[in-house]
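**Student:** Coordinates for the following, if possible.
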Amino acid sequence: MYLQPVKQRVFRNSNGFTLVEALIALTIFLACAASFPLLYDAGYRAIATSKAEKNIEWEIFIIQLRNELHMSKNWYISGGALYYGEEDAKISISQYQDKLRRQINGQGHEVMLQHVKTSAFSLEGGKVYIHVTFQNGEEEGASFYPFNRETPS
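**Tutor:** Numbers count the residues shown, from 1 in each chain. As a prediction, the model looks like this:
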C-alpha cells in the first residue's frame, strides 16, 4: 500500500478556506462596506434636493398669489376655492387632483403648486388664510393681508 505524504493531503483537502479565498472574501466585504457611506450620502442629498425644490415651489406660489391678491379687492371663498379679480376676469385658485390650479373665468389650467394632498382656504377679518398638506405629509400655511385700504368682502 502506498501512503501519500502528509503535505500533499493537506493541499487536496477541500474542507476549509484557503488564505487566498479568505483574502478575496475580505476584499469583497471591504468594497461593499466602503461604498455604503457613498450610497447613504447620495440618498441624503437626493432627499434634501427634493425638499429644497418643494420649498422653492411653495415660496414662488406664495409670492405670486400675494402679488395677485394685492392688486385685487374682491376676495371671496366658495366651494373650497379662492376667487378674486374683477367681474370680467374672475380668477380662481382651486385644488384639482394633486395640484393647485389657477383659472380665469373658469377656463384654463395653470398649475401653481403640485403634489398637494389637501388644501383649505379661509377668509377671516379681511385676511385670506391658506393651509396646504403635501403628499409627503408636510404642511405649509400662509396668510395674506389686504393691500388696498378697502377690506375684501
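**Student:** Pretty sure Ala81 sits against Ser92.
**Tutor:** Yes: between Ala81 and Ser92 there is a contact under Cβ atoms under 8 Å: 5.0 Å. Glycine gets a C-beta too; all of them are placed from N, C-alpha and C.
**Student:** any low-confidence regions in this protein?
**Tutor:** 1-15, 147-153 (pLDDT under 70).
**Student:** can you do 50?
**Tutor:** The chain contains residues with pLDDT under 50 at 149, 151-153.
**Student:** hey, where'd the helices end up in it?
**Tutor:** 6-12, 19-70 (DSSP state H).
**Student:** looking at those helices, which is buried most?
**Tutor:** helix 19-70 (a mean of 12; mean count of other Cβ atoms under 10 Å).
**Student:** Determine the set of other helices and strands touching that helix.
**Tutor:** Here helix 19-70 is seen to pack against strand 107-114, strand 127-134, strand 139-144 when contacts are counted using 3 or more Cβ pairs under 8 Å, 6 or more residues apart in numbering; DSSP states H and E.
**Student:** The shortest one to strand 127-134, inter-axis angle?
**Tutor:** Note on geometry: by axes from the mean of the first three to the mean of the last three Cα atoms, to 10 degrees, strand 139-144 and strand 127-134 are set 160 degrees apart in direction.
**Student:** In JSON lines: the helices of the chain, plus distance to Glu124.
**Tutor:** Shown next, in JSON lines, are these (distance: least, Cβ to Cβ, whole Å):
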{"stretch": "helix 6-12", "distance to Glu124": "87"}
{"stretch": "helix 19-70", "distance to Glu124": "15"}
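**Student:** looking at those, which is closest to Ile130?
**Tutor:** Smallest distance to Ile130 across these (Cβ to Cβ): 7.6 Å, for helix 19-70.
**Student:** tilt between the closest one and strand 139-144?
**Tutor:** Interaxial angle, helix 19-70 versus strand 139-144 (the same axes, to 10 degrees): 20 degrees.
**Student:** Determine the angle, from 0 to 180 degrees, between helix 19-70 and strand 107-114.
**Tutor:** Using the same axes, to 10 degrees: helix 19-70 against strand 107-114 is 130 degrees.
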